[in-house]
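Visitor: Pasting the sequence and the predicted model now:
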Amino acid sequence: MSKIRINRLSKAYDGNQVIHNIDMEVEEGELVVLLGPSGSGKTTLLHGIAGLVHMDQGSIYFDEECIDQVPIEKRNAVLVDQSLLLFPHMTLNQNIGFGLKMRGMSKKHIDEKVKALVALLELGGHENKRPNEISGGQMQRVAIARALAIEPRVLLLDEPFSKLDIVLRKNMQKFVRGLQKKLGITMIMVTHDKEEALSMADKVAVLLDGTIQQFDTPDKVYERPASRAVADFFGMRNYIEGYVENGQLVTELGVFRTHHKEGLKLTYVFRPEEIYIDHEAFEGALGVIINRTYLGDKITYEIACKEQIIYHITLQHKALKPGDTVKVNFDFKNAVYFETASDNKEKLTC
Amino acid sequence: MSKIRINRLSKAYDGNQVIHNIDMEVEEGELVVLLGPSGSGKTTLLHGIAGLVHMDQGSIYFDEECIDQVPIEKRNAVLVDQSLLLFPHMTLNQNIGFGLKMRGMSKKHIDEKVKALVALLELGGHENKRPNEISGGQMQRVAIARALAIEPRVLLLDEPFSKLDIVLRKNMQKFVRGLQKKLGITMIMVTHDKEEALSMADKVAVLLDGTIQQFDTPDKVYERPASRAVADFFGMRNYIEGYVENGQLVTELGVFRTHHKEGLKLTYVFRPEEIYIDHEAFEGALGVIINRTYLGDKITYEIACKEQIIYHITLQHKALKPGDTVKVNFDFKNAVYFETASDNKEKLTC
Amino acid sequence: MRKLMKYMMLLMILIPFIVMIIWSVTSSWPWPQLIPRNFSLRGYFYAIHPTTKAFSILLKSIFLSVVVTLITLIISIPAARAIAFYDFKGKSLVKVLILMPVIVPMLSVAMGIHLTFTKLGLANTHLGVILIHVVPGIPYGVKILLSIFELNGDKVEAQARVLGASSLQTFRYITLPLIMPGMVIAGSMIYIISFSQYFITFLIGGGRVVTYAMFLFPFVQSGDRTMASALSVIFILSIALVVYLSEKSVGFFYQKSSKYYV
Amino acid sequence: MRKLMKYMMLLMILIPFIVMIIWSVTSSWPWPQLIPRNFSLRGYFYAIHPTTKAFSILLKSIFLSVVVTLITLIISIPAARAIAFYDFKGKSLVKVLILMPVIVPMLSVAMGIHLTFTKLGLANTHLGVILIHVVPGIPYGVKILLSIFELNGDKVEAQARVLGASSLQTFRYITLPLIMPGMVIAGSMIYIISFSQYFITFLIGGGRVVTYAMFLFPFVQSGDRTMASALSVIFILSIALVVYLSEKSVGFFYQKSSKYYV
């Protein structure tokens, strides 16, 4: 297992800049998730590390050793793709032992190692089956076992669970995270699933339009988005604009105390679960519920509040329904905000 | 639009009973969702209504008229499949007008109707494009417009949104539900996505192993599951068993007041969001947090509590972490429970 | 290295045809000249000269092979569709048997059937030649359309039914347009096979039905390289022309139909 | 109705072959007898009688066509792989050109190349015949393997590289086993095409290289239906046998390799 360092990596296809000047460091034994929508360059970056794609600029270091000129088969950076790419003509044992056989290891050594991995990945009893004879979850585990067999310097996972159904997906997420912690594997995983990223990662790199917009722990990334783009990506939809006048923050929804300096324009971001609504409260902005969606474990409301629509999520089954008038309360003190520059470009100041 | 009645429908493939003695009534203008895991017979039932599959037993009535012998093309029950099945060699206009043309309507009449549907489904400007030239969301709307053009007696949707990404899926769910309400369409939709079912349906039919286990409004189905199988399907994992002795409910987690009759064995079901945990509370069963998963808008905990693992979901970012000791509280008074019969078969009693 | 290999392979495949084209305009080409010095258009003049009938035989051959192609396609569509969508006993056997005409020497088949054709009055007639030409075309027609049907599936057709189209309307407005690209490919193959038949034409036609392939043959036998090559070049060009025109006309039909509709 | 049509079509395809098989054991079959009354195994006796050399010619033919098949496959693999996975200028042109030997009358091609072969000392030799047989086989080999390569994609190969296999190891352990089913199909087609060649063998072989197809031909020309049919049946059976054995041996090789490994 190695520490990975990526230095000013860039790649364009047909003049289309897919990744742009990316810097990143992954510590040994760390799980970093590259999170972004499709087309954000996640897979290209992963393929670059594996050596499947040649980068236009920049360098990649494993333990401070530059591997730009190292061919694919010598990198020891194994990719597990969403299509798994098991070898259909080989048994599970043969699949798992493939990398070792290619390295010319003795049959005895291969057998031992494969046996240990079969046990670790809970594949006992299927050793001599072909990939098409086992379930999706088992295929997943075979792909991981095959990758782990060669003791890679880094394990690269490209949307590994996206083809599994939701229950199996959750189980595999937990299993892989457990395995990664237990064995201290350096792992870089690509996904577009926010929950998957937040629940598994040590650090999340939010990749938008080929650049890393934020690289931090899951709670920081979700609760303190570094830019409006990151906030948008995480589905934040409650933006409240205001400006500071006479020591007070003036917004459409009311006037609040503030410590910001005079004249500043600000955009506050509130997550749907950060808002408090009550139809009996004395304080707060007046709003009317225009939509209520029942989702079982939670309920979402859309509230027309002045000129804006506010989104609210709650677990509590309050008897609120469309048409009801409520008071909406915001906690400006702890909220994230961006300075609204005069040229309308947002800057992070929080 | 029609009222649909299904009477004791059964179908087996190669001796494998796919649907079994199904009764169901869908009122005119109602949206009923058939919810179940894959292989539960949802699609077979839908194909039976459309006439694509011949049923072994039972009858289907549209407005109390038996349509068992009516051929596919005369049923006016239009299916919109997840693969959409747009006609690739026709423009959008031609796709939408297809059903009308087949009915020998005049070009003028077809043009008018297609124009109205293009406006309704917000497809303006794309009329002369082919299906492969438009986006996934637009294709979806074309499939619906094409179905609505012939004014079907019932619109059947088979996992219509499963191939869309999450944002588009949410938008289309809202759009289709709005359209269905506005036009008063009788609609039967099949899905395996619980949130989709709960958020869109007037009524949810939970289909497990070929039989309807519960047929009720979304909140009833989620909050008052009719059987342990339904509760399991909705991901309930907190089951607490107990028995009544000396007028008290005795469980592993403590003794509670009860009004149940002496000697009864009961299994209580608690949704993860129905449980209250606090590390400073005086009352409640003692538990230790063994796992915490950060999901952004919510956090899930696994709590070891006596011999059991209790699952808890919260929106609040309390500073609880694995290893912390907490008190767990259950609201037995409002909880769902099943009588545990002596032969271990559960019966609904709530 | 990889590039060199690629070009060598390409050359290997192309050399025979280049040699043929050069021969067609050459009066003599003695070894070891790399390029001949004496050119002659004798072959091409012969082909267009009215007294040789070459041109009218070419036209008749094209017409005959077009008819063969249409008949073969009409038989192939329902056969391919049935194999693709219906499960029946012996389906895999049928899939193998349909390939028989590829494996079996057509000549022996034609011989076997010749007597029957004679008694039925089909020997020495154009109809007889057309019928025997259908046999080697069938496997190609069925194979190609089968793969198209399997690729398309029958769900789009079912959707048309659900929307109110009768079986006939479904065939006309959905099935036929969807398999059209496959029809062009299959049709081209069938046409080429029919157009190239020499022996079975000779056998069943009894020398009375003269196709272009039969016209070409004596020159090959007599070893007249210039003539044979020139007529072969025309042979290839006529095939290319027919295939090109059929593709264009299908494209035109589509565009026309899409303008007409709605 | 639909069933009737199906059986009629099946019959239409099968009748020619049934007629051929009956002829092969018949001494005379006058019209309008539905089934002949005079049977004879003359044809088959001739085929196995040592003085006729039929059997040794058959064996030599099989060997020759097997060699042709192997050479054609070896050329086809890199060609198909390059077309499937590399983008290069004129790719679509190459895709069309590769089909040339199907469209072009092979006879003219062979004629054009004959002189060159003569000068190179390849005319009238087995090697010359083998080389000319490769030409019509190439398009089938490349087409079939191309579709297999396109179906498999190159991601599985890339995965092997990532796991540490060199290009050579990847070819041996991944590429080759994965295209093996396609190799069997392509090989069968190439073998059948080579085994059935008559004229180009005659032309390049100059009558010195005698294949089974050439041995069969005089009986067809002389109109001896019984002999021609019997030899044709043997022709078909030998093809079926070779194709069957090649499929079995590939299956055996797999099983053996999978037992050997790990």
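Guide: Okay, I see it. Please read all numbers here as calculations on a predicted model, not as lab measurements.
Visitor: just the helices in the stretch 51-200 of chain C please.
Guide: Along the stretch 51-200 of chain C, the segments classed as helices by DSSP state H, counting those that start in this stretch run C:54-85, C:91-97, C:100-103, C:106-119, C:126-152, C:155-162, C:167-170, C:176-196, C:199-205.
Visitor: next one: phi and psi at residue A:73?
Guide: Backbone torsions of residue A:73, given as degrees, to the nearest 10, read phi -70, psi -10.
Visitor: Likewise for the one 3 residues further on?
Guide: Note on residue A:76: its backbone torsions stand at phi 60, psi 30 [degrees, to the nearest 10].
Visitor: rewinding a little: could you tell me the least trusted of the helices of the stretch 51-200 of chain C?
Guide: Here the lowest mean pLDDT among those goes to helix C:100-103, at a mean of 68.
Visitor: Next up, the contacts around residue A:324.
Guide: The contact partners of residue A:324, by C-beta atoms under 8 Å, 6 or more residues apart in numbering or on different chains, come to A:279, A:288-289. Backbone N, C-alpha and C define where each C-beta goes, glycine included.
Visitor: Going by distance to residue A:217, which of the residues you listed wins?
Guide: residue A:289 (35.1 Å; C-beta to C-beta).
Visitor: Am I right that that closest one sits in a strand?
Guide: Yes: counting by DSSP: H, G, I helix; E, B strand; the rest coil, residue A:289 falls inside a strand.
Visitor: Tell me the bridge partners for it.
Guide: Bridge pairing for residue A:289 (DSSP bridges) gives the partners residue A:303.
Visitor: rewinding a little: by neighbours, which of the contacts of residue A:324 wins?
Guide: residue A:289 (19 neighbours; other C-beta atoms under 10 Å in any protein chain shown).
Visitor: neighbours around residue A:260, how many?
Guide: Neighbour tally, residue A:260, other C-beta under 10 Å: 17.
Visitor: Quick check: the residue of the stretch 151-300 of chain A nearest chain C.
Guide: Taking C-beta to the nearest C-beta as the measure, the stretch 151-300 of chain A has residue A:163 as its residue closest to chain C, at 21.3 Å.
Visitor: my guess is that residue meets residue A:137, correct?
Guide: No: using C-beta atoms under 8 Å, residue A:163 is not in contact with residue A:137; the gap is 10.6 Å.
Visitor: who has more neighbours, the two?
Guide: residue A:137 (18 against 14).
Visitor: per-residue confidence for the more buried one?
Guide: You'll see residue A:137 listed with a pLDDT of 87.
Visitor: Does it touch residue A:172 like I think?
Guide: Yes: here residue A:137 reaches residue A:172: they are 6.3 Å apart, a contact under C-beta under 8 Å.
Visitor: hey, what's in contact with both of those two?
Guide: Common neighbours of residue A:137 and residue A:172 (C-beta under 8 Å, 6+ apart) are residue A:164.
Visitor: what's the pLDDT at residue A:49?
Guide: For residue A:49, the pLDDT comes out at 95.
Visitor: Now the element after whichever strand or helix holds it, going C-ward?
Guide: Here residue A:49 sits within helix A:42-50, counting by DSSP states H and E. Using DSSP H and E, the helix or strand that follows helix A:42-50 in sequence is strand A:57-62.
Visitor: What's the separation between the spatially most distant residue from the centre of chain A and residue C:221?
Guide: No residue in chain A sits farther from the centre than residue A:246, which is 41.4 Å out by C-alpha atoms, centre = their mean. Applying C-beta to C-beta, to the nearest Å, the value for residue A:246 to residue C:221 is 109 Å.
Visitor: Residue C:177 - how many residues pack around it?
Guide: Counted with other C-beta under 10 Å, residue C:177 comes out at 18.
Visitor: again with residue A:85
Guide: Residue A:85 has 22 neighbours, counted by other C-beta under 10 Å.
Visitor: which residues touch the residue lying closest to it once chain neighbours are set aside?
Guide: Setting aside the residues directly before and after it, residue A:85 is nearest to residue D:159 in space (C-beta to C-beta, 6 or more residues apart in numbering or on different chains), at 4.1 Å. Applying C-beta under 8 Å, 6+ apart to residue D:159 gives the contacts A:79, A:81, A:85, A:87.
Visitor: distance between stretch A:133-147 and the chain's centre?
Guide: Centre-to-centre, stretch A:133-147 and its host chain are 23 Å apart (C-alpha atoms, centre = their mean, to the nearest Å).
Visitor: With only the CA atoms kept, save it in CSV.
Guide: Provided in CSV are the C-alpha atoms of stretch A:133-147 (Å, rounded to 0.1, in the frame of the first residue of the first chain):
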residue,chain,number,x,y,z
GLU,A,133,-22.8,-19.2,-12.2
ILE,A,134,-22.7,-16.8,-9.2
SER,A,135,-24.7,-13.9,-8.0
GLY,A,136,-24.0,-10.2,-8.6
GLY,A,137,-22.7,-9.6,-5.1
GLN,A,138,-20.4,-12.6,-5.4
MET,A,139,-19.1,-11.4,-8.7
GLN,A,140,-18.3,-8.1,-7.0
ARG,A,141,-16.4,-9.9,-4.3
VAL,A,142,-14.5,-12.0,-6.8
ALA,A,143,-13.4,-8.8,-8.6
ILE,A,144,-12.1,-7.4,-5.3
ALA,A,145,-10.4,-10.6,-4.3
ARG,A,146,-8.7,-10.8,-7.7
ALA,A,147,-7.5,-7.2,-7.2
